[in-house]
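>>> model this:
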Amino acid sequence: MQFRLTILLIFTISFSLKAQYTDQINSNRPGASMGAFAVGKDVIQAEAGFALRNATHAGYNNSTFRAGAGFLSLRWGLLMETLELTYQGQYISGTLNSKILSNPTPYPKRGFLQNFIGIKYLIYDPFKKEREVNTYSWKANNGFKLRELIPAVSITLGSNVNFEKSNPFPYGNLFGTLYRPVLFQNLGISPDEEPFLHLRGTLATQSHFLGTWVFVTNFSYDRYLSKYPLKDYILTLTHTLDPLWSVYIEHQGRVSDLFTEYLFRLGAAYLWNDDFQIEATLGSSIKNTPHQLFLNAGVSYRLDFHKDFTSAEELQEKELKKQERLLKKTLKKNTKGEKTRNRRAKRN
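Numbers count the residues shown, from 1 in each chain. Down below sits the predicted model:
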C-alpha cells in the first residue's frame, strides 16, 4: 500500500500534479505494494519498522511459528525524475514449534526473508500535464472524471540476493524445516536451498480519483531462475481523511508450487511533517496452511536534496545579484567615460 498523501494534497489544493517530486514525503508504507512514482531526483528516503508475526500450519498438526521481524526499504532518486534505485530487506527471528510428534519440538530460527535490489522506471505519467482549474465551478474541479482512472505505470526490475549459505527460510517458507526435515536426507531427498540470486519484475499502476482516493496495483513475477517461481499480485485502496491522516485496505495473493497464500491488511498513516511519516498495520491470511496474523509499525523519513523548486528568497537573492552585476558594470562604464573626458580636457 502506498501512503500517497503528498500527491493527494497537491491534487485537492492546487490541482497541479508533478511527475515525481512532491513537497511532502511519498512513502510506499504502510502496505506491501509499491506506487508507480519514484521519490524524485536527488531524494534519499528510508522506510523502516518492526512487525510481530504469528503463524499456525494445519498441515503440520497446527505447528506454530512466532517471531519478530524488522524491515527496511531504501529509495534513491537518481539521474532523472522517473528513475529510482531501491533496496527492500526483511529480517526475521523467532521460534518454530513443531507439533508433528507427541512432544512439541522448538526450533529457534533467524535469517533474511528478503534482500531485493532493483531499479524502478516510470513508463507513463498521466499527471505530467498540469490540470486546468475552473475558477467558476467547484463541482467541475472536484467531481469525478473518467480520465482520472487512467493510471500511471512503472516497472521495477531487480534481483533478490541470498547472502546466507544455508537460509533457514528458503523461498520465504516459514515452515521449511518441517517441509524438508533433516530425516528426509536419509531418503535421498535434499532440503530446499535457495540460489544466490533470482530475478523479480513488478508492473505497478497508480490511479487517483475523487480527489482523496488512490488505487494501486502490483503484478510481480518473482524468484525467476529458481526452483519455485512465485506469482504475486497486490491491490491497494487508499483514502485521505484530512491533510495529515490516511487509511488503507489491501489484498495480496501469492502463488507458487511451494505454497499459496491470500492476505488482507488494513492500517493508517500520519504525516508528522513534510519529511517524516508514522504508520501501523494489522493483517491476516484466510488460509490455514498456514494462517497468519501480524501487526506492523513503522516510520518513513527522507533527505530532500531536490533542486527543481526555487523559493521566493532564492529568487530575490538571484535578482539582487543580477542588479549588483549591472550596477558594477554601469559604474565601470561611467568610470571609464570619466577618465576619457578628463584626458580630453587636459589636452585642450
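>>> tell me the strands beside whichever strand or helix holds Tyr270, with direction?
Assigned by DSSP states H and E, Tyr270 falls within strand 260-273. When pairs are called by DSSP bridges, strand 260-273 turns out to pair with strand 245-255 (antiparallel), strand 276-285 (antiparallel).
>>> these into CSV, with extra columns for mean neighbour count and mean pLDDT?
Yep, even glycine has a C-beta here, placed from its N, CA and C like the rest. What follows is the strands paired with strand 260-273, written out as CSV (neighbours: other CB atoms under 10 Å; pLDDT from 0 to 100):
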stretch, mean neighbour count, mean pLDDT
strand 245-255, 18, 96
strand 276-285, 19, 96
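>>> so for Ala204, which of the ones you listed sits nearest?
Put simply, out of the strands paired with strand 260-273 the one that sits nearest Ala204 is strand 245-255, at 13.5 Å, with distance taken as CB to CB.
>>> contacts for that closest one, please.
1-3, 5, 8, 30-33, 230-241, 260-271 (CB atoms under 8 Å, 6 or more residues apart in numbering).
>>> list buried residues within the residues you listed.
For the contacts of strand 245-255, burial is judged from neighbour counts taken by 16 or more other CB atoms under 10 Å, and it is met by 1-3, 5, 8, 30-33, 230, 232, 234-238, 240, 261, 263, 265-269, 271.
>>> for the strands paired with strand 260-273, which one sits closest to Phe50?
Shortest separation from Phe50 across those is recorded for strand 276-285, at 10.6 Å, computed as CB to CB.
>>> please identify which of the strands paired with strand 260-273 is closest to Ala67.
Nearest to Ala67, of the strands paired with strand 260-273 and by CB to CB, is strand 276-285 at 14.5 Å.
>>> send the alpha carbons of the closest one over as PDB?
Presented in PDB, the C-alpha positions along strand 276-285 are these (Å, rounded to 0.1, in the frame of the first residue of the first chain):
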ATOM      1  CA  PHE A 276       8.500  12.200   8.300                       C
ATOM      2  CA  GLN A 277       5.600   9.800   8.400                       C
ATOM      3  CA  ILE A 278       4.500   7.200  11.000                       C
ATOM      4  CA  GLU A 279       2.200   4.200  10.300                       C
ATOM      5  CA  ALA A 280       0.600   1.000  11.600                       C
ATOM      6  CA  THR A 281      -1.000  -2.100  10.000                       C
ATOM      7  CA  LEU A 282      -3.000  -5.100  11.100                       C
ATOM      8  CA  GLY A 283      -3.200  -8.100   8.800                       C
ATOM      9  CA  SER A 284      -4.300 -11.700   8.400                       C
ATOM     10  CA  SER A 285      -4.400 -14.500   5.900                       C
END
